[in-house]
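1. Take a look and give me a structure for this.
(chains A, B, C, D and E, ligands or ions: 5)
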Amino acid sequence: MTMLEFMVRRTLNAILVLWLVVTGMFFLLRLAPGSPVNSLPPAVAADPLARAAYEAEHGLDQNIFIQYFDYLFGLLRGDLGTSLYDGTSVMSQIASHLPVSLELGGLAALLAMVPGFLLGCWTATRRGSWSDGAVRVVTVLSFSVPAYWLAVLSLVFIGQRYPDMLPTAGGFVRFTEDPIANLKVMLLPALVLGLSTFALVVRSIRAALIDVLSFDYVAFATAMGMPQRQMMKRIAIRNAIIPTLTVVGVLLGGLVSGTVLVESVFQIPGLGQLMVTAFLRQDYPLALGCSVFTAMIFLGLNLVVDALYFVVDPRTRTSTQRRTAPVMA
Amino acid sequence: MTTVMSPTAAPVPARPASRPLVLRIVDVRRWPIHGVTNWFGVGCVVAFLLIATVGQLIGDPTLLDAPGAEPPSAEYWFGTDTLGRDVFARTAEGAWNSLTISLGTVLLSLSVAMPLGMLAGYHYNGRLDNAIMRGLETVQALPMFVFVMFVLTLTGTGTIEIGPVTFGMRTRLIVCLALGFVPFFARIVRAATLVEMQDDYVAMLQVLGVGRTRILLSEISVNVLPPMVVQACLAMAIAIFAEGGLSFLGFGLAPPEPTLGNLIADAGSQILEGAWWYATLPGAVMVLGILGFNLLGDALSDALLGGSEGGAE
Amino acid sequence: MSELTLEPGTSTPGRHASDDVVLRVSDLAVRYAAGRGAAVTAVRGVSFDVRRGEVFGVVGESGSGKSSICNALMRMLPNSARVEATGVEFGGRDLLSLTDKQMRGIRGTEIALVPQRPMTSLSPTTPVGQQLRWYFGDSIDDSDVRDSLARIGLHSVLGRLDNLPSRFSGGQLQRLLIAIATLTNRPSLLLADEPTTTLDATVQAQVLKLLLGIRDTLGLSIVYVSHDLGVIAQICDRVGVMYGGRLVEVATTSDLFHRPQHPYTKALLGAMPARWTPERGRLSTLRGTAAGANRATGCPFAPRCALADARCTEEMPAVLGDRTSMVRCHRVEEAT
Amino acid sequence: ASTSVASRIEERHRDGILRIAVASAPSNINPLDSGSEVTRWIAEPVVETLYAYDDRQRSVPLLAAGEPEVSADGLTWRIPLRSGITFQNGDELTANDVVATLAHVNDLGSGSEWITYLLGYVQSYGADDAYTVRIELTKPYGLMRSHLTNLPIVHRDYAKRKDAMMGTGPFRLESFTPGQTFKMVAYDGYHGGKPDLTGIEYTVFQDGATRLISLRQGKVDLLTSVPYHNIGSVRANPDLHVDEVEGPNDILSYVAVMREPFSDPWFRKAVAAATDRHGVLSKVFGGAAVIGQGPIGPAEMGWDPDLQPYPDEPDLDHARELLDQATTERRDFTLTIGTNHTSRDMAQVLAAGWAKIGIDVTIQQLAGGPWSNKMLDRSYDMLMNVFQSGFTSGPANYMALAPAQSTSVLSCGFVNQEVDELMDTVWRTSDDEVRAASLRRINEILVEEAVMFPPVYPKIVVARLATVSPLNLDQLRISRVAPQNLSLVPGGTDE
Amino acid sequence: MSMLVAEGLEKHFRIDHGGWQKSSVLVRAVSEVSFAVERGEVMTIVGESGCGKSTVARMLVGLVEPTRGTIAVDGVELRPERTARDRRLIQLVAQNPWSAFNRRRTLGHSLAQPLLVNKVETDRRQRRARIEEMVERVGLSAAHLASRPSDVSGGELARAALARALLLSPKVLVLDEPTASLDASVKATVIDLLRELRADLDLSIVLITHEIDVARMIADRAAVMYLGRLVESGAAELVLRRPSHPYTRMLLDSVPDPDPDHRELAAAKGEVPSSAAAPHGCAYHPRCHLASDECGQERPELLQHAGVEVACHRILDVGMPLLMPGSLPEDRPEPAVAPDPPADCARDTPTVDLPHPQADVTDRLEVR
Ligand SMILES: Nc1ncnc2c1ncn2[C@@H]1O[C@H](COP(=O)(O)OP(=O)(O)OP(=O)(O)O)[C@@H](O)[C@H]1O
Ligand SMILES: Nc1ncnc2c1ncn2[C@@H]1O[C@H](COP(=O)(O)OP(=O)(O)OP(=O)(O)O)[C@@H](O)[C@H]1O
Ligand SMILES: [Mg+2]
Ligand SMILES: [Mg+2]
Ligand code: NI
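-> Numbers count the residues shown, from 1 in each chain, chains lettered A, B, ... in the order given. Ligands and ions are numbered 1, 2, ... in the order given. A predicted model of the protein is given here:
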């Protein structure tokens, strides 16, 4: 399979899943008790005239399937309807919140993956030493500390002293407004968010590397006198990345989930916070829009991981041949 | 290439003594748990369980008669909150809630995921497998948190009566969280089943006429279960974390029922005003639980799987 | 390298061996720590010589310590293992007292290894061509080198250098690995740890011929580990028989097959279907298994030996003979 | 209190911008859509009303040129407008703008909260000429005057927009980030006196504690909704001033009289008697509230300070006696509250109190929409929420009373002829004395019948840096912070 | 009537290559394989790895559904969906004893399964007795039943696997490389056991193996497979000692002879091609030193030739191999016993005496 072919297949699969998600959520939301009209001021919502007028205005009086297809076509056009709460376009809300989340997630991923990768490689070669033990303790602790608790604690212990580090206490600044202030404000949340990812990357790389180091091909390279450094670079790390990549999909899910919590604690106006508010207010169109976008991002990121997988592990290209390797002999 | 296997290619792996699994788990002396960290993990879990069970008997989590916002003292170990409640009593009750919900979640999701995963693995690449996998992918396309929020929003926070069954918030939380865990478990079960399916003994059983149900229930399951026990332990940690996160966001049990998450959330303002004990101590108990189950998972992985699970540790 | 031919397809005992010793192993012991202070002694008191141009066979059942010897010679045992020896002399140096760095210099250049499982001995994610380049460097572009590779049956591999190892058969890969092991630096000693057990008989024959051909051309010595007496008979000059971590008998191949001394050797030969006759009825002459033999205090074979007495279980027999041929057995000792 | 904070403030004040921390942002910035205080706080400097309250809470003309002309039957109102008043985009205010405003708030599909007050009363409206607005009513509506005092007038082109605000006030909305920040600059063409400030900036801090921290650290000048738990520490801080006034802060708290157990008056009275009002006052509000009895509080029209049927501390013995007389078997109910922290704390204190007479309370915390669902479906036992009523209704909280009227769409099932009639009077009459008397009587009946019993009336609490000029507390009493009238005073104020 | 009759067995696997058009490859794992095994007879199938031996075995026991062809045991045709009765007719013993048992179940449990599910023995006690009897029959003790696979040796496991297959008292036993993964000394005991059982139980056995030595020792008849097809079949003495087909000869020659005085490693030319792209004509022709143009064009049929069936165009050109004295089937009354073995170090295969072309082929390998 070529890269293009592989990606097209994966993309089609992702689109199918996305469609299932949208369809499932849409109908479930519509089946849920309580009309969205009820989020109007009670006296308005209680009045049959006002109710009918509102429903007509928002197309809620139509057949559910018509609404569904309207929604799907809207989705294709980039129109996700309007928020019940404030009547703004869901798309514009998402457009203004999404970049913040992406920045936060990206920053967290960067802060977690790069040092995590390096530390994981480092400890794998020092298996059993005290530094390995220390790293193990640190990583287990790191992913055992819930981000939201850490966030609350950091509000206290760091926020009191360095209020500029906190988006909550200083008001959030967008990257486009003031990059430095923005990074300052994002640093702590990104660290908190990335901590568990960092720990899992370390553990995963370490485990994979230890595994790989016991494989025949490493033994052969060593027996052929290949210097340790080259062996790590050419063989060990390259092969150890593959199992880690499969974990990365899960990690990304964790990051996306994590933004929801961390954004709530630090009051960062990202997609996560928007989504939580939307859910709490039962602002269905907004909640649905946010969820669809989250799913889209998640599936998109997984596509990227797939692509990486394809690059790092050329065996995927001949996946079917691999299963029946004897045929090729 | 050739199937000529030298004896080296199929060494008899050293396995723990062959006694029934349950006995091996119960007999502490024989626990192959060694190393400080593993025992520390067991200690954490025990401490967490103690707080959740025995601790919960000490003090009343909803009684408002204490002085407000007092730091920890001999009388109130974890201090009191602004409404004058004993934070320790609330933490213990919260730990109990966390524990029951997490345990329920893990058990429920396991009981759903085991059959699903085993069926998918048994029919690897078949139509049933594809259908199951697509379904799991769909549930997974939303991060678990978002997914649970979605379902909880749909069903509201009150009790729901479906026929004669009343779904309280606790049950609902369990069901939602469990639904989020199912893909996670099902994938692992499926992978483990696949490995088993490639083992000759399954083919042999088929030749001997053992049916699908029997193979899955009485043969493959005994091999899939030990790794799942390890995974369940790790999942307990995640469930405690997730339950805490949900109640932190306000999607958990309703007040005045304390949960570790809503204790932390409640503390928000107070902690800045110097009431450090308010969020710190319940949070520490939660960390105790999560850390404990994580380490216990590692330890069990050593003990049950010879430490080779996923090459981890 | 163009002189590489595979002309002599067979090996006559002693034909290629000279008297200078390439490797001299004295009293080698390998111990694995097995958790909680317990230890497994996989190899003990093993002494043998390998002479220039000689194929020294090591034969024995699973777990008898064959691989442990190879790995000890390469100094590639896991950290949990301890190696002791009065000396492991190779090219005038004691391998065990070299620094790690010096040892790295010897690996691949003076001592090379042919692995047991060719299918998993190349990195699975890098094209074969690139891996060849790691070892051969740019010389892989020379037509000479290519020619010699093609001549040893790697023609089809050279045509598909951008393919991953999984696209080649075990035979092709094993030939490739042998080429890498022997042709990059022309080592003087080759350790072959059951290089053909995973291969078909037809492919095995090809690989064995290749090994012998290379031995003849380069004049290297080979330590050939196997549990297949047929292969041993075909290619080895001298053979050491391992049992329970001990070398119980060393003899020239011809002597071993025609005049086996040790009861174990005899039993092993007797259990070969190829040497079975209908008159004999049963094929097996041995009871029990080799499990736990390396924990025995006396002769490791005593529990299964029909001739064993109390002395055998208590006392390890002394070496009878010299380094070129020896046997360790009380019964043989008594007989002489 | 450090010098670095002081210098930071001084540095910041050079630009003459007042920074205000608010607890939440309005859902949209159309000031006609929402009656909530969050919208109002942000809209105050930008939009103005036809009439305004003076410091004695009498309605006086602002954009109107004088008192409205009301026809003898009370059905036709003519309001003269001042001329020469311009919007912040330079357009002159005319009757068309007022008509556009009215059109929006009367549009059933617009979702504007004002519809609640006008539905069924306003028949038509129009411009007689450029400076006269005419409103035709279906029946006499005394409250119209109050609404005209509260309803902001918006530029005709902006009446329906949810993403922009255009009024005649002293400040112009320059930019905003939804849910986060709102920046205003002084409008040079303002018809009144020129403000001291060059601009006002609102920042949303949802978390009370961080809101407070930013005030302490001098990042903001003014803080609305001081968390009740933290009032003590603000009071103790010499660099900060805290203003607490009795305002139209309400705790909407009523029961479903049409269903068990609250259909039983004895049960209701027992619950009312066992309500831990003092606990709520001290534990939840840190003392910044007044013990509550009926639905009408101290800042509202009809407040009766002498009406005190229930004790501060729950009278458990009496409550048990009352409960013994109840015919209903049930000893449990669900308390449905809003999602805010205050409601939650309150509910927990109350539940603990009720538990003492053996009543088991389930607390159900719901956000706006789902909360409304309950209210509209009448599927609640007891509803409770905190809200501020001043903006749409002035010094009287009619909406909170609506459930007590049996003809209301929101009726809680309480049927009382006298209350129904009095309510009609309240809505109809244009005589404040009559209205106040009616309200007093309604309050009395509801207290007696224990249909509505908020445990306390919370105060409005605003904190500011010492370097901000004092607030007008008379305006604050009806929830007007009026930041447009504030100024920055170097070195602090002396009060 | 033959005990086991396989008629025209074929198995094709379709393998998808994830591509645009879902291009797929057809692997002809087994084609047109027919054979019959008599009561009490051992028939062996030999061939290189991947030639389809296991697929035949799996088709015989119903693990793989044949694409074409029929299988009949004792005159009963077996359907792809095996019934309990079918299963009692034919059973399988798989190659690797370590993976033939559930590693977390006791041997007792595993051995009870066939009796349980086929409702052969519903009474617990009797079942137990029957299992113990069988276990002792294969040389294990009842104590082994309580242990798990990891606690017993490979040889014992192999015995247990045999016992399990025999519990259903099948008429035909299919053994897929039963000794390949065993140590030399253990292998010998298992071979002994097999020979014993066969004599006692009057079993028909299909033995699939790599090990020509083992095959020679116990087989009555032999079939040689190459790329999914039978190339030669007939009496074991003929096929395994005096092969007719060039491929069989090459196969036998490459088995190392355990005699150091007789060193002649005959290495085959090239390797087995993929069964997804088998060469035209005779599949062996690219490696065959006798190949003519015809071989590359037309596939030879299996034809009777000098007592065996051979599929080779050139068989007549090569000529009938010299016979070892006393090794023709009709010379021997008892088929189960192999002919007189040659002296201790004599070669079994008489290839030396033939105008033998292998030497130059093998020496050259792929060198051109
Ligand atoms: N890393 C290790 N840790 C502990 N014990 C080991 C280790 N490697 C080998 N052993 C033990 O040492 C003994 C000899 O093993 P070794 O691999 O050298 O045998 P072998 O002769 O090569 O066997 P095989 O034919 O199966 O390859 C065995 O009992 C084995 O269990
Ligand atoms: N399930 C399958 N799907 C696709 N191809 C298969 C399958 N099973 C077997 N094959 C192919 O069929 C051919 C014959 O396989 P089979 O396992 O029968 O060979 P074998 O002779 O038993 O080899 P070995 O000696 O290695 O066991 C091989 O090319 C193999 O790749
Ligand atoms: Mg070995
Ligand atoms: Mg096979
Ligand atoms: Ni092969």
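
2. near chain B at all, stretch C:230-247?
-> No. Using CB under 8 Å from any CB of the partner chain, stretch C:230-247 never reaches chain B; the gap is at least 11.6 Å. Using the backbone N, CA and C atoms, a C-beta is placed for each residue, glycine as well.

3. Let me know the average pLDDT across that stretch.
-> What stretch C:230-247 shows for mean pLDDT is 93.

4. Could you do stretch E:209-229 as well?
-> 92.

5. Stretch E:255-274 now?
-> Averaged across stretch E:255-274, pLDDT comes to 81.

6. In PDB, list the C-alpha atoms belonging to stretch C:234-244.
-> Taking Å, rounded to 0.1, in the frame of the first residue of the first chain, the C-alpha atoms of stretch C:234-244 are listed here in PDB:
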ATOM      1  CA  GLN C 234      28.600 -33.900   8.600                       C
ATOM      2  CA  ILE C 235      30.600 -30.800   9.400                       C
ATOM      3  CA  CYS C 236      32.500 -31.100  12.600                       C
ATOM      4  CA  ASP C 237      36.100 -32.000  13.100                       C
ATOM      5  CA  ARG C 238      35.900 -32.500  16.800                       C
ATOM      6  CA  VAL C 239      32.900 -32.600  19.000                       C
ATOM      7  CA  GLY C 240      32.200 -31.800  22.600                       C
ATOM      8  CA  VAL C 241      29.200 -33.400  24.300                       C
ATOM      9  CA  MET C 242      27.500 -31.300  26.900                       C
ATOM     10  CA  TYR C 243      25.300 -32.600  29.600                       C
ATOM     11  CA  GLY C 244      23.900 -30.600  32.500                       C
END
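
7. from chain C, which residue is nearest to chain A?
-> Closest to chain A within chain C is C:Gly108: 2.9 Å, counting by CB to the nearest CB.

8. Wait, E:Leu168 touches E:Lys119, no?
-> No. Look at E:Leu168 against E:Lys119 with CB atoms under 8 Å: they stay out of range, at 11.3 Å.

9. Compare neighbour counts for these two and give me the winner.
-> Comparing E:Leu168 with E:Lys119 by other CB atoms under 10 Å in any protein chain shown, the one with more neighbours is E:Leu168, at 19 against 9.

10. domain parsing for chain A?
-> Using automatic domain parsing, the domain parsing of chain A gives A:3-76, A:98-317.

11. wait, which of the ones you listed is closest to D:Asn472?
-> domain A:98-317 (26.7 Å; CB to CB).

12. Quick one: distance of that closest one to the chain centre.
-> Put simply, domain A:98-317 sits 9 Å off its chain's centre (CA atoms, centre = their mean, to the nearest Å).

13. And for stretch D:187-202?
-> Once both centres are worked out by CA atoms, centre = their mean, stretch D:187-202 turns out to sit 25 Å from its chain's centre.

14. spatially speaking, which residue is in the middle of the chain?
-> With no chain named, the answer covers chain A. Using CA atoms, centre = their mean, the residue of chain A that lies closest to the mean C-alpha position is A:Val256, 3.0 Å off.

15. wait, chain B
-> Nearest to the mean C-alpha position of chain B, by CA atoms, centre = their mean, lies B:Met236 at 2.0 Å.

16. how many neighbours does the residue of the stretch 151-300 of chain D found nearest ligand 4 have?
-> Proximity of the stretch 151-300 of chain D to ligand 4 (CB to the ion) peaks at D:Gly179, 67.3 Å away. A count of nearby residues for D:Gly179, using other CB under 10 Å, gives 22.

17. Pull the contacting residues for the closest residue to it other than its chain neighbours.
-> Closest residue in space to D:Gly179, ignoring its immediate chain neighbours: D:Ala25 at 4.4 Å, by CB to CB, 6 or more residues apart in numbering or on different chains. Neighbour list for D:Ala25: D:38, D:42, D:178-180, D:182, D:204 [criterion: CB atoms under 8 Å, 6 or more residues apart in numbering or on different chains].

18. Any regions of the stretch 1-150 of chain B where pLDDT drops low?
-> Along the stretch 1-150 of chain B, the model assigns pLDDT under 70 to residues B:1-34.

19. any idea where the helices of it begin and end?
-> With DSSP state H, counting those that start in this stretch as the criterion, the stretch 1-150 of chain B has helices at B:21-26, B:36-50, B:56-57, B:87-122, B:127-141, B:144-155.

20. and of the ones you listed, who's closest to B:Pro258?
-> Closest approach to B:Pro258 among the helices of the stretch 1-150 of chain B is made by helix B:87-122 (4.0 Å; CB to CB).

21. Would you mind listing the buried residues in that closest one?
-> Of the residues in helix B:87-122, B:87-99, B:101-102, B:104-106, B:108-110, B:112-114, B:116-122 count as buried by neighbour count, 16 or more other CB atoms under 10 Å in any protein chain shown.
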